[in-house]
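In: What follows is a protein structure lacking sequence information:
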């Protein structure tokens, strides 16, 4: 049985990595977010259902801060290595699955930052629309429309490859 905090940390690291594209940056982002969450008296209880979306918002904001500092915001693609914890969890996956995974990852890297971010939060991290709205600080309706547009762009990128 895995510790919920360990699972949350692994998922938050994956988001930080997906946003920054560098392992070292993702570790820095996660450390900054953990420090903030431990020192914030207004943070939701670690055992409440509100903590996970709140913590992901902190991770996202720290990642955005770091990207801005590095002047790599919006259109710089993520490194070409695999995204940890995203698709390739089964080491015995077939060649066909690996090729599809690589196509999806390449297509995701072609999305702009906001599109990639919203797809990651919904499809890789499993947040619902209300949670994504809270994390991104946008209305729920905007989440739905942005996600739809991002998925259409992703679909077109994948169809163009075949």
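Out: Sure, I can see it. Model, not experiment: these values are computed from the prediction.
In: where are the low-confidence patches of the chain?
Out: Along the chain, the parts satisfying pLDDT under 70 run over 1-2, 71-94, 161-162.
In: hmm, 50 instead?
Out: Counting by pLDDT under 50, the ranges of the chain that qualify are 73-88, 90.
In: Could you point out the longest helix of it?
Out: The residue-count maximum for a helix in the chain (DSSP state H) belongs to helix 140-161.
In: Can you mark which positions in it are buried?
Out: Neighbour-count burial for helix 140-161 flags 143, 146-147, 150-151, 153-154, 157 (criterion: 16 or more other C-beta atoms under 10 Å). (C-beta placed from N, C-alpha, C; glycine too.)
In: again, but for stretch 114-131
Out: By 16+ other C-beta under 10 Å, the buried positions in stretch 114-131 come out as 115-125, 127, 131.
In: List of residues touching that stretch?
Out: 11, 14-15, 18-19, 52-53, 56, 60, 74, 78, 83, 85-86, 108-109, 111, 132, 135-136, 140, 143-144, 146-147, 149-151, 153-154 (C-beta atoms under 8 Å, 6 or more residues apart in numbering).
In: Could you rerun that using 7 Å?
Out: Residues outside stretch 114-131 that contact it (C-beta atoms under 7 Å, 6 or more residues apart in numbering): 11, 15, 18-19, 53, 86, 108, 111, 132, 135, 140, 143-144, 146-147, 150-151, 153-154.
In: Any idea how far apart the tips of that stretch sit?
Out: Terminal residues of stretch 114-131 lie 16 Å apart, using C-alpha to C-alpha, to the nearest Å.
In: Residue 11 and residue 142: what is the separation?
Out: Applying C-beta to C-beta, to the nearest Å, the value for residue 11 to residue 142 is 23 Å.
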